[in-house]
Structure formats: structure tokens, C-alpha cells
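Novice: Need a 3D model of the sequence below.
(2 chains)
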Amino acid sequence: MSRCAISRLVLTTIALLMAAGCAELPLDNAPPDPPLLVSDGVLEPGFGVAVDVVCHDPDGDRVTIQFLARAGAVEQPFVWTSFIQSDVAETFYLPLAPGEWVLEAVARDELDETGDPAAITLSVVLD
Amino acid sequence: MVPGAVLIALLSSLTAPALAGQVFLGLSAVDLQLEIDDTLDLGGETRFFSSRHRMHAGGRFTVHLGGDDGQTFYVGQFLGFGWGQSSFLLNWETPGLESYAPLESDITWGYVPYGVDLNLVLGDVLHLAAFVSAKWTFQKLTIDIDGEEFDGRAHKLVGSLGGMATVNLGVVRVSGGASLDHYLGADVDWEVDDVTFASRHTDPSVEYFVGVVLR
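Specialist: Numbering: from 1, shown residues only, chains lettered A, B, ... in the order given. Below you'll find the model as predicted:
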């Protein structure tokens, strides 16, 4: 087989391989750690209960937090917060009624990976 | 992707026998482009942004002109076309208030490069080239929102600076190289139905390519 013919064969083979190619490239990503939650449970009228949140993402991705408050059979879900930086503390105000609550929080990173939840017990009292 | 590959196969079969010395074809089997800054901003209170840097995978096909047999140093030129695709998650949020589930998105792109290269031919083994080029680039953005697809289109002019090396392995010549792409004009508007996305490209992108050369 001549060099030209072989070159044409290589070229055509590559062209056919490319026809099936252009796949999505995989990206390694780790889910965020469970967020750390801190709150004194004081209900500030007009604002809610301040909850400080710090979350570490192994890839440094920004994360969004979703809270779920439970009091016995009562469940109060919240929408996903806006994105916050990994390892940077942010304060969120949750409208919770006075009483005993179990506050759960889960973090999700920008690549849609969700980590394990964290929970604290809150005694919410009026300021 | 299929029409491009078919066209390449057709071109190679039509043009290969006539090629000699002053004209040669370059075909990249791997063409990767890393976009460093890929924020998409939507006017209003909602902000869209992709997660991590985007990497495009595709191919490129170029015709090189210039030089004579036995010439060690010459200035040539090239033109051609390239194509590719990338898929990514598009995050969106109302800053300070709420985020939403990421959207599946992808960008299909094609470009037409024209460039001038500075060539150094070392025997029949090694061919080095530095090049500067301009690329007219077309991109189609597709966003899937609850099963409904929204399309956007953008045209960009990109300036490139790069280098390419070709090694003659006897049966086939293998080429590889890299370039740094600069978007000429930092802002690119995406027309997505009645909404305009402004896409900023403030940093250069890196493109790598590996392929074969047919003389």
C-alpha cells in the first residue's frame, strides 16, 4: 500500500471516529461536607431567627443550602438559598415560631452534588 | 458532527492525489478548548453561570499553503474550519435570595480560521510553525428548562496566537499544537428567544489540537 493510500486511510478513519465523538468530558467532583450550623435561637421580629452557616466543599465550589425545620409532626421546608462561598460564614434569617425545633440543613454545590445533612436543636424564643 | 466528518472524508479522497509540496492538509483528531471565563449574565435580577470551566471537544480541518520542497524557512498561510461541542450545567439564582436547580445546557460551535504561519522545516522529520490567526466563530447555546429547549446564537471574532509541531513518522505525519485565543470584544450577546444573555469573555481560552498531516 502506498504512503498516500495509507494516509488517506488514516484520515478517513479519524474522520469516522470523529463523527461519533465530541462526547461530554467527565469532571471529577466531590459533594460538599455537611454544613456547620450555629444559632442562639433568638427570634428577631421582622427578621426571624439568625442561623450562621459555614460549609466546606472539597473542590472549593460555591454551595447553596436548604433548611428544613421540624417540630413534632410539623415540618417547615425552605427554598434553596442563594449560593455562598465555600468556607465563608453566612447568616440566614429563618421565620420560625417560638418553640423547640430540629433544624436540618443540606448543601448542594454548583455541579448539583448534594452532601449529607446536618442538624441542630433550636429553642426559639422571642427577643 | 456527522456532516463535518463526511465532508472531511470526501475532501481527503478528492484532493489527496493532487497534493504536493506547497499545499498540505491538517486534520486534528483531538481538539480541546478550555474556556476560562464563561459567566452568562441575564439582565434583571436573575444571574446565570456555568459551573467550572467549560471544555469543548471537537475537530479541525485546515489547508496550509506556502513553501517549496527543500525550503528550510518560509512564511505561509492557512485556512479551514473547526467544530465541536460542550455540555455543562447552567446554574441560576437570584443573588441574596434563592438558587434554583441547575439546567442542562450545551454549546455547539463551529469556526473558520485564517492565519499566517512562520515555518521552520528541519530535514524531512520535523516541521515547526508559529502562527497568528483570526477566527470567525459561531456558537449555538441550548438550554433545557423542564423539557423545553431554548436556543441562543452568537457570532464572535477571535484572535489566536499559537504554535504547531509536525513529526514525520514515515507512514503518517503527526501534528500537535496549542494556541491562546482572545475574544475580540469582551461582551458577546446571546439572543435566546426574546431574552438577551450577555456573555463576558475577559480571559483568554486555551486550545489544544493533535492530528495528522497529509502531504
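Novice: Briefly note if the helix or strand harbouring residue B:154 comes near chain A.
Specialist: Using DSSP states H and E, residue B:154 falls within strand B:148-168. No - Strand B:148-168 is not in contact with chain A by CB under 8 Å from any CB of the partner chain; minimum separation 10.5 Å. Just so you know, the C-beta spots here come from the backbone N, C-alpha and C atoms, and that holds for glycine as well.
Novice: Do you have the strands of the chain handy? List them.
Specialist: You didn't say which chain, so I picked chain A. A:36-38, A:42-44, A:48-54, A:63-71, A:74-77, A:90-94, A:99-109, A:118-126 (DSSP state E).
Novice: wrong one, I was asking about chain B
Specialist: Using DSSP E, strands in chain B cover B:23-35, B:39-42, B:47-50, B:54-65, B:73-94, B:98-122, B:126-145, B:148-168, B:173-183, B:187-192, B:195-200, B:205-214.
Novice: So which of those strands is nearest residue A:73?
Specialist: strand B:98-122 (26.7 Å; CB to CB).
Novice: Remind me what the closest one packs against, helices and strands.
Specialist: For strand B:98-122, the packing partners by 3 or more CB pairs under 8 Å, 6 or more residues apart in numbering or on different chains; DSSP states H and E come out as strand B:54-65, strand B:73-94, strand B:126-145, strand B:148-168.
Novice: Run the chain-centre distance for it.
Specialist: Distance of strand B:98-122 from its chain centroid, counting by CA atoms, centre = their mean, to the nearest Å, is 3 Å.
Novice: pLDDT on it, on average?
Specialist: Strand B:98-122 carries an average pLDDT of 90.
Novice: next one: stretch B:46-55
Specialist: For stretch B:46-55, the mean per-residue pLDDT is 75.
Novice: buried ones in it?
Specialist: Of the residues in stretch B:46-55, B:47-51, B:54-55 count as buried by neighbour count, 16 or more other CB atoms under 10 Å in any protein chain shown.
Novice: among those residues, which are within reach of chain A?
Specialist: B:49, B:51, B:55.
Novice: Compile those into TSV and extend it with columns for distance to residue B:89.
Specialist: What follows is these, written out as TSV (distance: CB to CB, whole Å):
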residue	distance to residue B:89
B:49	10
B:51	5
B:55	13
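Novice: From the residues you listed, pick the one nearest residue A:120.
Specialist: Residue A:120 has its nearest neighbour among these in residue B:51, at 28.9 Å by CB to CB.
Novice: Spatially nearest residue to that closest one (excluding sequence neighbours)?
Specialist: Nearest non-adjacent residue to residue B:51, counting by CB to CB, 6 or more residues apart in numbering or on different chains: residue A:110, 3.7 Å away.
Novice: now do residue B:131
Specialist: residue B:117 (3.9 Å).
Novice: The spatially most central residue of chain A bridge partners, please.
Specialist: Taking CA atoms, centre = their mean as the criterion, residue A:108 is the residue nearest the geometric centre of chain A, at 1.2 Å. Assessed by DSSP bridges, residue A:108 has beta-bridge partners residue A:64, residue A:114.
Novice: what residues are up against it?
Specialist: By CB atoms under 8 Å, 6 or more residues apart in numbering or on different chains, the residues touching residue A:108 are A:32, A:63-66, A:80, A:114-115.
Novice: List buried residues within these.
Specialist: If we count by 16+ other CB under 10 Å, those have these buried: A:32, A:63-66, A:80, A:115.
Novice: Just the pLDDT for residue B:201.
Specialist: Predicted confidence (pLDDT) for residue B:201: 59.
Novice: picking that back up, what residues sit buried inside the strand holding residue B:154?
Specialist: B:152, B:154, B:156, B:158-160, B:162, B:164, B:166.
Novice: and if you look at stretch B:130-145?
Specialist: In terms of neighbour count (16+ other CB under 10 Å), stretch B:130-145 has its buried residues at B:131, B:133, B:135, B:137, B:139, B:141, B:143.
Novice: for the closest residue to the second one other than its chain neighbours, what are its contacts?
Specialist: This points to residue B:133. Spatially, and ignoring its direct neighbours in sequence, residue B:133 is nearest to residue B:115 (2.7 Å; CB to CB, 6+ apart). Shown in contact with residue B:115 (CB under 8 Å, 6+ apart): B:77-79, B:131-134, B:160.
Novice: Mind putting those residues into CSV with pLDDT?
Specialist: Shown next, in CSV, are the contacts of residue B:115 (pLDDT from 0 to 100):
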residue, pLDDT
B:77, 91
B:78, 92
B:79, 91
B:131, 96
B:132, 97
B:133, 95
B:134, 95
B:160, 93
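Novice: Turn those residues into a markdown table, columns for distance to residue B:87.
Specialist: Output for those, formatted as a markdown table (distance: CB to CB, whole Å):
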| residue | distance to residue B:87 |
| --- | --- |
| B:77 | 34 |
| B:78 | 30 |
| B:79 | 29 |
| B:131 | 29 |
| B:132 | 31 |
| B:133 | 27 |
| B:134 | 27 |
| B:160 | 24 |
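Novice: of all these, which comes closest to residue A:59?
Specialist: Closest to residue A:59, out of all of the contacts of residue B:115 and judged by CB to CB, is residue B:160, at 30.1 Å.
Novice: Please compute how far stretch A:44-59 lies from its chain's middle.
Specialist: With CA atoms, centre = their mean, you get 14 Å for stretch A:44-59.
Novice: Which of the residues in that stretch are classified as buried?
Specialist: In stretch A:44-59, counting by 16+ other CB under 10 Å, buried: A:49-51, A:53-55, A:57, A:59.
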